[in-house]
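Engineer: Attaching a predicted model along with its sequence, questions to come.
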Amino acid sequence: MLCSTYGKKTAKLIPFIFGILAGYAVALIFTVIGYAADVEALKLINFGNFTALVSGGVSLETFISVPKFTFLTAFGGFGEISGSYIGTVAVAYVPVAFVVFAEHIADHKNISSIIEKDLLEEPGLHRTLLGDGVGSMVGALFGGCPNTTYGESVACVAITRNASVATIIAAAFGAIIVSFVNPFVAFVNSIPACVMGGVCMALYGFIAVSGLKMVQKVDLNENKNLFVVSAILIAGIGGLSLTFGKITLTAVATSLILGIIVNLILSGKKEEVNETEE
């Protein structure tokens, strides 16, 4: 927060890196004191990730390794795929898809406000959603997690004010490369939860405020809008989730579906027109 607010050009571009390094340094001091005084509560950093690297001796694999790509093994092989299995997965992920759509649209509207260009019009929502889906399929084939636009990345763009496509592509390739470097992976895994908690307070808080900026333009004096927004907020913040057998709708999915349903129910009311204006 200090780097982003008071820092110069470089500090404003990478405030989260400075924040993580500063938090890690403080945690390291507490950890050293904890080992010296034998106080478990002060041992914030777990060095097991580093010792595991050199436990079998130092070699090239100590520094660089290639992860095991699972490809289609997550499905148990082609022979075990059945119609019921595909149906169960489809039903479980359809609500998730709605959440991804909502996040995708919200993130692109936020980015549009940052770069002052409507991305839903150019290149168009249909193209950005297609890119999102293709990226998820490619990632899944390599055994990775399904991806979306990620509000965290959008918050970083908004905070740093760096929306350069070249920078984002370079960062993506950089993230892929460093994932093969074992010491860096060990460092990331050793970051204490309290340090990442501080980062998340700033990052997710920025995302929440960005969402409120969108609601700011909605006329909450109208009961329809008030009920739609209240249904979404209460279900989302309150953690309302629904479980049907093996299928669970998370709070985000539930709040989104409730918001859509409430909006559809109340959309039948015609707008009142002032007689004088008419």
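Structural biologist: Here it is on my side, so go on.
Engineer: so how far is stretch 170-184 from its chain's centroid?
Structural biologist: Its chain's C-alpha centre and that of stretch 170-184 lie 18 Å apart, by C-alpha atoms, centre = their mean, to the nearest Å.
Engineer: My error: substitute stretch 210-219 in the last question.
Structural biologist: 20 Å.
Engineer: which residues are in contact with that stretch?
Structural biologist: Under the contact criterion C-beta atoms under 8 Å, 6 or more residues apart in numbering, stretch 210-219 has outside partners A106, K109, N110, S113, G151, V154, A155, A158, N225, V229. Glycine gets a C-beta too; all of them are placed from N, C-alpha and C.
Engineer: I169 and G197: what is the separation?
Structural biologist: Distance of I169 to G197, given as C-beta to C-beta, to the nearest Å: 30 Å.
Engineer: for E152, same thing?
Structural biologist: Taking C-beta to C-beta as the measure, E152 and G197 are separated by 14 Å.
Engineer: More neighbours: which of the two?
Structural biologist: Neighbours per residue (other C-beta atoms under 10 Å) separate E152 from G197, with E152 holding more: 15 against 10.
Engineer: Excluding residues flanking it in the chain, which one is nearest the more buried one?
Structural biologist: Sequence neighbours aside, L203 is the residue nearest to E152 in space, at 5.7 Å (criterion: C-beta to C-beta, 6 or more residues apart in numbering).
Engineer: for that neighbour, what are its contacts?
Structural biologist: Listed by C-beta under 8 Å, 6+ apart, the contact partners of L203 are F16, E152, A155, C156.
Engineer: Can you lay out those residues as JSON lines showing distance to L212, pLDDT and secondary structure?
Structural biologist: Converted to JSON lines, these look like this (distance: C-beta to C-beta, whole Å; pLDDT from 0 to 100; DSSP: H, G, I helix; E, B strand; the rest coil):
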{"residue": "F16", "distance to L212": "21", "pLDDT": "87", "secondary structure": "helix"}
{"residue": "E152", "distance to L212": "17", "pLDDT": "76", "secondary structure": "helix"}
{"residue": "A155", "distance to L212": "13", "pLDDT": "78", "secondary structure": "helix"}
{"residue": "C156", "distance to L212": "19", "pLDDT": "80", "secondary structure": "helix"}
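Engineer: Pull out the buried members of those.
Structural biologist: Taking 16 or more other C-beta atoms under 10 Å as the criterion, what is buried in these is F16, A155, C156.
Engineer: I am assuming the last one contacts I14, so please confirm or correct that.
Structural biologist: In this case it means C156. No - with contacts defined as C-beta atoms under 8 Å, C156 does not count as touching I14, sitting 9.4 Å away.
Engineer: Show me what the worst-scoring helix or strand of the chain on mean pLDDT is packed up against.
Structural biologist: Using mean pLDDT, DSSP states H and E, the weakest-scoring helix or strand in the chain turns out to be strand 247-249, at a mean of 74. Using 3 or more C-beta pairs under 8 Å, 6 or more residues apart in numbering; DSSP states H and E, the elements in contact with strand 247-249 are helix 83-115, strand 242-244.
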